[in-house]
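Participant: no FASTA, just this:
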């Protein structure tokens, strides 16, 4: 006993983190309908930034989070600048350009940080111990859970309780309609890329303490963000959270049942299943391009 | 403003590129028979040109794959395993590896039948991950993430009276890879100029219209996918023997998926010789100029080139040179 409780806790904290990955991606996808294949590499960029600040300049880890959250929107806004100037056909070209961006970033990581696995090591402390359920919550897990859930809550409140957030959702749902209602679609796009960048900036350092950073490691978070966005729909925080938890639980149960190295297989199979179901109109038909 | 600066850049590139291309081809390996590195680099340029054309055969049907690394890796692993564990002759094992790649391609054809555009491309990314994870974990067969080392060099190729020492000399390897490129180029030409090629173009332009006109859309596409996967798989097997080692992160990589896409787009994916020109210009530039200067991360140039290609010459450089020629 104890193993399964621990796996469920790991799954939930992983799933909350996946929600954070998916949120940033889905905001950007929502306003542009562009699949950003460099999303995972942006998160790695934030992670490596935090690692460099922590390792070379000896900044405390908690100080690197706000720095990454301020710097990463610059990266996403650069992407928006590129995408806004893209020649037709948009769908194919946005895919190819973000793929190219991913290749560039991967090689930059390789040049600056080599192919070694990097990790920000925090002293592991148990924050909470529940002997009745034989459960141990480590500082890393608490950080991952609280950071991701807090960000999700803030984005939820922003999207559903503020006027600007509602305008942003309107833009996501129907660009022409929103423009007719007097919403400045351009500004909403800038806002979505900005908020997306802040979320990426938060996700990067969290990833750097919990999972190893590796130059080729950007694909996995990108695929996860795509899964959640297609499964849950764009800008729906609640569904994203459920989808994230489901995926997180599925992966941690696989890791427990077969072995942690098979975890990535779950991601790939789930993405394939979701894409083929979607093509039969079972999932989110309004996302059809 | 933007259009103006773009056209200025376009004009400069138009005048410089042919010169660069001509110079690179001119100072090609045959004029420097002593410089082994030229034979090596241009041989590999031919190899990547063939890889790019194999990828483009599917792209010509309107489906853009980001997962061709899957066929490449499957071909590489199957070829080596068939040879080492089932004692196949090397070239037979390489062909068998290609067939394994083609089988996986036909599986795509069945499972991803209804996917188009970006959704197809995303599915191929997932389809690349599956064999990679399996190769990483099935240690008894693939020795896991450590990879397989000490793979034999390619043996001499006997063609009737001629015997080509492929693995023995750089020159032999260069001729072999040149021949492989020409063979792929013939298939690539068929995918553009034959009846099948016209059918592919009709499908690419308007699938419904093609279907109405009596084109067997599914069949033509499946053939393109199968041929593309077969050639990519064979290339994977050859790669294992050329490099002497394979590991999952190397053959099932995004980089392997990126090479053919970048070279085809850059060279010109609607021209018979487009991907070939792309590879013969870009790969030597990368290996001879950038690699010594930036040993790790020099491949970033492929990402930069594809971004520039999309913005400034979306139909590739050969289409451009032709435009210049006719205007």
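Facilitator: Right, received. Where do you want to start? Just so it is clear, the structure is predicted and the values come from calculations on it, not from any experiment.
Participant: what about the most centrally placed residue in chain B, is that helix, strand or coil?
Facilitator: The centre of chain B sits closest to residue B:51, judged by CA atoms, centre = their mean, with a distance of 1.8 Å. Following DSSP: H, G, I helix; E, B strand; the rest coil, residue B:51 is assigned to helix.
Participant: likewise for the one 10 residues further on?
Facilitator: At residue B:61 the chain is in coil, as set by three-state DSSP.
Participant: for residue A:129, same thing?
Facilitator: strand.
Participant: can you list the low-confidence ranges for chain A?
Facilitator: Applying pLDDT under 70 to chain A picks out residues A:1, A:124-126, A:132, A:281-289.
Participant: in it, which spans are strands?
Facilitator: For chain A, the strands defined by DSSP state E cover A:126-130, A:135-138.
Participant: take the ones you listed and lay them out in TSV including distance to residue B:304 and mean neighbour count.
Facilitator: Any C-beta I mention is one placed from the backbone N, CA and C, and that applies to glycine too. Formatted as TSV, the strands of chain A follow (distance: least, CB to CB, whole Å; neighbours: other CB atoms under 10 Å in any protein chain shown):
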stretch	distance to residue B:304	mean neighbour count
strand A:126-130	45	11
strand A:135-138	41	16
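Participant: chain B is nearest to which of the ones you listed?
Facilitator: With CB to the nearest CB as the criterion, chain B lies closest to strand A:135-138 of these, at 26.7 Å.
Participant: what helices or strands is that closest one leaning on?
Facilitator: helix A:3-32, strand A:126-130 (3 or more CB pairs under 8 Å, 6 or more residues apart in numbering or on different chains; DSSP states H and E).
Participant: ranking those by burial, who's on top?
Facilitator: Compared across the helices and strands packed on strand A:135-138, helix A:3-32 shows the largest average neighbour count, a mean of 24 (mean count of other CB atoms under 10 Å in any protein chain shown).
Participant: any idea how far chain B is from the residue nearest to residue A:42 when sequence neighbours are not counted?
Facilitator: By the measure of CB to CB, 6 or more residues apart in numbering or on different chains, the closest residue to residue A:42 outside its immediate chain neighbours is residue A:200, 4.8 Å from it. Separation of residue A:200 from chain B (CB to the nearest CB, to the nearest Å): 19 Å.
Participant: ok so, going back, hang on, the residue nearest to the centre of chain B packs against residue B:259?
Facilitator: Yes. With contacts counted by CB atoms under 8 Å, residue B:51 reaches residue B:259, the gap being 6.1 Å.
Participant: and residue 242, what is it in contact with?
Facilitator: Reading this off chain A. residue A:232 (CB atoms under 8 Å, 6 or more residues apart in numbering or on different chains).
Participant: other chain: chain B
Facilitator: Going by CB under 8 Å, 6+ apart, residue B:242 touches B:44, B:47, B:154, B:173.
Participant: give me the number of residues near the second one?
Facilitator: Residue B:47: 24 surrounding residues under other CB atoms under 10 Å in any protein chain shown.
Participant: who are the contact partners of it?
Facilitator: By CB under 8 Å, 6+ apart, the neighbours of residue B:47 are B:177, B:180-181, B:235, B:238-239, B:242.
Participant: between the residues you listed, which is closest to chain A?
Facilitator: Scanning the contacts of residue B:47 for proximity to chain A, where the rule is CB to the nearest CB, the winner is residue B:239, at 18.2 Å.
Participant: how many other residues sit next to the nearest residue to that closest one once chain neighbours are set aside?
Facilitator: The shortest distance from residue B:239 to any non-neighbouring residue, by CB to CB, 6+ apart, is to residue B:76 (5.7 Å). Around residue B:76 there are 33 other residues, counting by other CB under 10 Å.
Participant: follow-up on the earlier one: who wins for most neighbours among the contacts of residue B:47?
Facilitator: Within those, most neighbours by other CB under 10 Å means residue B:235, with 29 neighbours.
Participant: I figured that one was touching residue B:72, is that so?
Facilitator: Yes. Residue B:235 lies in contact with residue B:72 (CB under 8 Å); the separation is 6.4 Å.
Participant: around chain B, which positions in the stretch 1-150 of chain A sit nearby?
Facilitator: A:35, A:37, A:82, A:85-87, A:91-93, A:95-97, A:99-112, A:114-115 (CB under 8 Å from any CB of the partner chain).
Participant: kindly recompute the last result at 7 Å.
Facilitator: The stretch 1-150 of chain A comes close to chain B at residues A:35, A:87, A:91-93, A:95-97, A:99-101, A:103-104, A:107-108, A:110-111, A:114, as judged by CB under 7 Å from any CB of the partner chain.
Participant: correct me if wrong: residue B:104 contacts residue B:71.
Facilitator: Yes. Contact criterion CB atoms under 7 Å: residue B:104 and residue B:71 qualify, at 6.2 Å.
Participant: now do the shared contacts for these two.
Facilitator: Listed as contacting both residue B:104 and residue B:71 by CB atoms under 7 Å, 6 or more residues apart in numbering or on different chains are residue B:229.
Participant: sorry, back to before: OK, contacts around the residue nearest to residue A:42?
Facilitator: So residue A:200 contacts A:24, A:42-43, A:46, A:72, A:76 (CB under 7 Å, 6+ apart).
Participant: out of those residues, who's the most crowded?
Facilitator: With neighbours defined as other CB under 10 Å, the most crowded of the contacts of residue A:200 is residue A:43; it has 33 neighbours.
Participant: host element of the residue nearest to residue B:239?
Facilitator: For residue B:76, the element it lies in under DSSP states H and E is helix B:69-86.
Participant: so what does the next helix or strand after that helix touch, helix or strand wise?
Facilitator: Next along the chain after helix B:69-86, taking DSSP H and E as the criterion, comes helix B:90-111. Using 3 or more CB pairs under 7 Å, 6 or more residues apart in numbering or on different chains; DSSP states H and E, the elements in contact with helix B:90-111 are helix B:69-86, helix B:217-243.
Participant: what's the angle from helix B:90-111 to helix B:217-243?
Facilitator: 150 degrees (axes from the mean of the first three to the mean of the last three CA atoms, to 10 degrees).
Participant: and the contacts of the following helix or strand past helix B:90-111?
Facilitator: Toward the C-terminus, helix B:90-111 is succeeded by helix B:117-137 as the next helix or strand (DSSP H and E). For helix B:117-137, contacts defined as CB under 7 Å, 6+ apart pick out A:35, A:91-92, A:95, A:223, A:226, A:261-262, A:264-265, A:268, A:271-272, A:275, A:279, A:289, B:63-67, B:69-70, B:73-74, B:77, B:108, B:112, B:115, B:142, B:144-145, B:248, B:252, B:257.
Participant: looking at those residues, which are in helices?
Facilitator: If you go by DSSP state H, the contacts of helix B:117-137 have A:91-92, A:95, A:223, A:226, A:264-265, A:268, A:271-272, A:275, A:279, B:69-70, B:73-74, B:77, B:108, B:142, B:248, B:257 in helices.
Participant: residues in contact with residue B:184?
Facilitator: Taking CB under 7 Å, 6+ apart, one finds B:50, B:53-54, B:231 in contact with residue B:184.
Participant: reformat those residues as TSV; add pLDDT and neighbour count.
Facilitator: Formatted as TSV, these follow (pLDDT from 0 to 100; neighbours: other CB atoms under 10 Å in any protein chain shown):
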residue	pLDDT	neighbour count
B:50	93	30
B:53	93	32
B:54	93	29
B:231	95	26
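Participant: so which of those are also by chain A?
Facilitator: Counting by CB under 7 Å from any CB, no member of the contacts of residue B:184 reaches chain A.
Participant: show residues contacting stretch A:119-130.
Facilitator: A:50-51, A:54, A:61, A:136-140, A:142, A:208-209, A:212-213.
Participant: coming back round to it: would a markdown table of the contacts of residue B:242 with pLDDT be doable?
Facilitator: Shown next, in a markdown table, are the contacts of residue B:242 (pLDDT from 0 to 100):
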| residue | pLDDT |
| --- | --- |
| B:44 | 90 |
| B:47 | 93 |
| B:154 | 81 |
| B:173 | 85 |
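Participant: which SS class is residue B:291?
Facilitator: Recorded secondary structure, residue B:291: helix (three-state DSSP).
Participant: all set, thanks.
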